[in-house]
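Asks: Take this sequence and fold it.
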Amino acid sequence: MDTAAGRAMRPPVRPPKSQHVLRMRGLPYSATDEDVFAFFEIPQPSGVHLIKDDLGRPSGEGFVEFECEVDAIAAMAKHRHHMAHRYIELFRSSPDELMRALGLATNWQQGGGGGGAGGN
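Replies: Numbering: from 1, shown residues only. This is a model prediction of the structure:
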């Protein structure tokens, strides 16, 4: 814990590995990655990111990644289903939105990126 600022130290964040991202809203504050995997069952997410506030507390929002577009679309069928006593809202998202929520740089591109326009 950063006692000077009164903030909890955060574990290192993982950048997205997929272009197929959904945002979750309404998560119980006690939700874990395992709870999210169990919520979706099929299709199974390839990655889970639970968002914390500035004090390191759960915010009730999270992001899930899926291997392909078909899995992400199928997962949207869970919109407004319940996890514990809360209903979960699902929204189509993007790697850029996930990166912003994690506090990382924007303009993420999977697999690197092209160079710029060189010039003379």
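
Asks: which residues of this structure score low on pLDDT?
Replies: For the chain, the stretches with pLDDT under 70 are 1-11, 105-120.

Asks: Helices of that one, residue ranges please.
Replies: Assigned by DSSP state H, the helices in the chain fall at 33-40, 69-75, 95-102.

Asks: name the helices or strands packed onto the first one?
Replies: Right, the one you point to is helix 33-40. Contacting helix 33-40 under the criterion 3 or more Cβ pairs under 8 Å, 6 or more residues apart in numbering; DSSP states H and E are the following elements: strand 47-52, strand 58-66, strand 82-83. All C-beta spots, glycine's among them, are computed from the backbone N, C-alpha and C.

Asks: helices or strands next to the first one in the packing?
Replies: Strand 47-52 makes packing contacts with helix 33-40, strand 58-66, helix 95-102 when contacts are defined by 3+ Cβ pairs under 8 Å, 6+ apart.

Asks: chain center to the first one, what's the gap?
Replies: So the one you mean is helix 33-40. 13 Å (Cα atoms, centre = their mean, to the nearest Å).

Asks: Equivalent analysis for the last one, please.
Replies: For helix 95-102, the separation from the chain centroid amounts to 8 Å (computed by Cα atoms, centre = their mean).

Asks: on that earlier part again, so which of the helices and strands packed on helix 33-40 gets nearest Tyr29?
Replies: Tyr29 sits nearest to strand 58-66 of all the helices and strands packed on helix 33-40, at 4.4 Å, using Cβ to Cβ.

Asks: coming back round to it: which of the helices and strands packed on strand 47-52 sits most buried?
Replies: Most buried of these, by mean neighbour count (mean count of other Cβ atoms under 10 Å): strand 58-66, with a mean of 21.

Asks: if we can go back for a sec, looking at the helices and strands packed on helix 33-40, which is nearest to Pro95?
Replies: strand 58-66 (8.4 Å).

Asks: What strands flank the closest one, and is each parallel or antiparallel?
Replies: Here strand 58-66 has these sheet partners by DSSP bridges: strand 20-25 (antiparallel), strand 47-52 (antiparallel).
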